[in-house]
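Engineer: pasting the structure only:
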Ligand SMILES: NC(=O)c1ccc[n+]([C@@H]2O[C@H](COP(=O)([O-])OP(=O)(O)OC[C@H]3O[C@@H](n4cnc5c(N)ncnc54)[C@H](OP(=O)(O)O)[C@@H]3O)[C@@H](O)[C@H]2O)c1
C-alpha cells in the first residue's frame, strides 16, 4: 500500500531534506512528485537513488495526491494550502501561515500527536517553527513531571533557518572577509560572518521580534496555554542546527538528576551531559541527525524549582522536514487516511 506524495518547495533547503527523509525512512510511497516555482521547472532533485524533475506548482493537478508536504514560504502556503486541501490531499505546511488557525492542528508528534484529529476541517496540518519544535520535545516530559510555570530562552539559530540564499550569504561573506575584506549584507540586516544578530523576522509593537512571539504562541498551542515563555532569538554564523539556552521554573521540585533521567526515557530526546571538556553537544555534531540533544542540565538556585539546560537539534530535520514526515506517519499509522488511488 503506497501513498502519492507531493513535495512543494522540493528545490529548497527543507524540501530536499524532506525527500531525503522520505527515502531514508522507507516511507510507503506509490509516487513522489517534486514541485517548485516555474523558475525551477525541470531542475533535478534527488529522491533516494532516483532523480526527480521539478514540476511547476501553478499548473499541477492534486486530485490524486494523498499528502502534500509543503515548504515554500507563507505566501505560497496561504494561497495554495486551501486549494490543495479542497482537492482532497492533506497538506502538512512548514510555514507560519496556518499555525495559529484554530481549525489547523499544530503538531509535534512526540508532544501532541492526539491533537491531529481536527485536521479534516481544512485538510491542513501545521508544522511549528524550527526553534519551537526542538524546545517542546525537551519541555514536554519535564512539564508532565513537574509542571512548567515559566520558561526563559535564548536561541542561537543557524543561517539555514532563513533558506538557501541565507546559507550562500554566510559562505560568500566569510570568503570575502579573507579576500577583499568587504561584505554586503543582503538577506540579513547586518554582517552575519564572524558576528551574531539579535533579530529574526519582523519587529512587533512590544519590541519582541515575530520569531520570539512565534515561540511563545506555539509553545502554548502545542504544550500548554498556561506556560509563560519569554525568548531572545539570535542568528549566529553556523550553517545547520539551532541551539537554545533554556531556563525553566517549575511548580513542583525537580532535581537535575531527575530531569536527566526523565529526558533519557523521553521520545525524541538524547541526553549527552558529562561535566567535562566536550561532554555536551554543539550544532556541528547535531547536523544531519534526528534527535533533540540535551546537555548542561543543572539546577538554578536563583529561583524556586529552577533548572537550566542546553538544547540542540538540526533545524532542517526535527525543526522542519523530519517533523513533517513524522506527522505524515501519524496520519498513516493511525489510519486517518488511506491511498486515494486504491479507494477509487
Ligand atoms: N529552514 C528551516 O529551518 C525551516 C524550519 C521550519 C520551517 N521552515 C519554513 O519552510 C519554508 C521553506 O524554507 P526553506 O529554508 O526550505 O527555503 P528555501 O531554501 O528558500 O526554499 C524555498 C522553496 O520554495 C519554493 N518556492 C518559492 N516560491 C514559490 C512559488 N511561488 N511557487 C512554488 N514554489 C515556490 C522554492 O522554489 P524555487 O527554487 O523554484 O524558487 C524552493 O523550492 C519556509 O516557509 C520556512 O519558514 C524552514
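Structural biologist: Received it, and whenever you're ready, just let me know what you need. Note that the structure is a prediction, hence the values are computed from the model and not measured. Numbers count the residues shown, from 1 in each chain.
Engineer: can you report how many residues neighbour the residue lying closest to residue 63 once chain neighbours are set aside?
Structural biologist: Nearest residue to residue 63, sequence neighbours excluded (Cβ to Cβ, 6 or more residues apart in numbering): residue 87, at 5.2 Å. Where you see a C-beta, it was placed from the backbone N, CA and C, and this is true even at glycine. Neighbours of residue 87 under the rule other Cβ atoms under 10 Å: 15.
Engineer: same check, this time on residue 50
Structural biologist: When neighbours are counted by other Cβ under 10 Å, residue 50 registers 10.
Engineer: show me where the stretch 151-300 of the chain has its strands.
Structural biologist: Using DSSP state E, counting those that start in this stretch, the strands of the stretch 151-300 of the chain run over 228-235, 242-250, 269-271, 292-300.
Engineer: out of those strands, flag the one nearest residue 22.
Structural biologist: Nearest of the strands of the stretch 151-300 of the chain to residue 22, taken as Cβ to Cβ: strand 292-300 at 20.6 Å.
Engineer: show me what the helix or strand following the closest one is packed against.
Structural biologist: Going down the chain from strand 292-300, the next helix or strand is strand 306-313, by DSSP states H and E. For strand 306-313, the packing partners by 3 or more Cβ pairs under 8 Å, 6 or more residues apart in numbering; DSSP states H and E come out as helix 130-146, strand 242-250, helix 256-265, helix 283-286, strand 292-300.
Engineer: gap between the shortest one and the chain center?
Structural biologist: It stands for helix 283-286. How far helix 283-286 lies from its chain's middle: 16 Å, per Cα atoms, centre = their mean, to the nearest Å.
Engineer: and for it, what's in contact with it?
Structural biologist: Contacts of helix 283-286 with the rest of the structure, by Cβ atoms under 8 Å, 6 or more residues apart in numbering, involve 156, 158, 238, 240, 241, 242, 243, 293, 312, 313, 314.
Engineer: for the closest residue to the ligand within the stretch 101-250 of the chain, give me its contacts.
Structural biologist: The minimum distance from the stretch 101-250 of the chain to the ligand, using Cβ to the nearest ligand atom, falls at residue 163 (3.0 Å). For residue 163, the contact set (Cβ under 8 Å, 6+ apart) comprises 12, 13, 187.
Engineer: about what we covered before: adding distance to residue 299, write the contacts of helix 283-286 out as TSV.
Structural biologist: TSV is the format used below for the contacts of helix 283-286 (distance: Cβ to Cβ, whole Å):
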residue	distance to residue 299
156	22
158	29
238	28
240	31
241	26
242	25
243	21
293	20
312	20
313	23
314	28
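Engineer: which one (most neighbours) among those residues?
Structural biologist: In the contacts of helix 283-286, the most neighbours by other Cβ under 10 Å go to residue 313, 34 neighbours.
Engineer: what is the neighbour count of the nearest residue to it once chain neighbours are set aside?
Structural biologist: Here the nearest residue to residue 313 in space, its sequence neighbours aside, is residue 134; by Cβ to Cβ, 6+ apart that works out to 3.7 Å. Taking other Cβ under 10 Å as the criterion, the count of residues near residue 134 is 34.
Engineer: report the distance from stretch 168-176 to the chain centre.
Structural biologist: Here the centre of stretch 168-176 is set off from its chain's centre by 25 Å, with Cα atoms, centre = their mean.
Engineer: for the stretch 101-250 of the chain, list the residues in contact with the ligand, please.
Structural biologist: 129, 130, 160, 161, 163, 164 (Cβ under 6 Å from any ligand atom).
Engineer: can you give me the strands in the stretch 1-150 of the chain?
Structural biologist: So, for the stretch 1-150 of the chain - with DSSP E, counting those that start in this stretch - the strands run 3-8, 29-36, 44-47, 50-53, 55-56, 67-70, 90-93, 124-126, 148-157.
Engineer: report all helices and strands that the first one contacts.
Structural biologist: Applying 3+ Cβ pairs under 8 Å, 6+ apart, we find strand 3-8 packed against helix 13-24, strand 29-36, strand 67-70, helix 74-86.
Engineer: deepest of the ones you listed, which one?
Structural biologist: Neighbour counts (mean count of other Cβ atoms under 10 Å) averaged over each of the helices and strands packed on strand 3-8 peak at strand 67-70, with a mean of 28.
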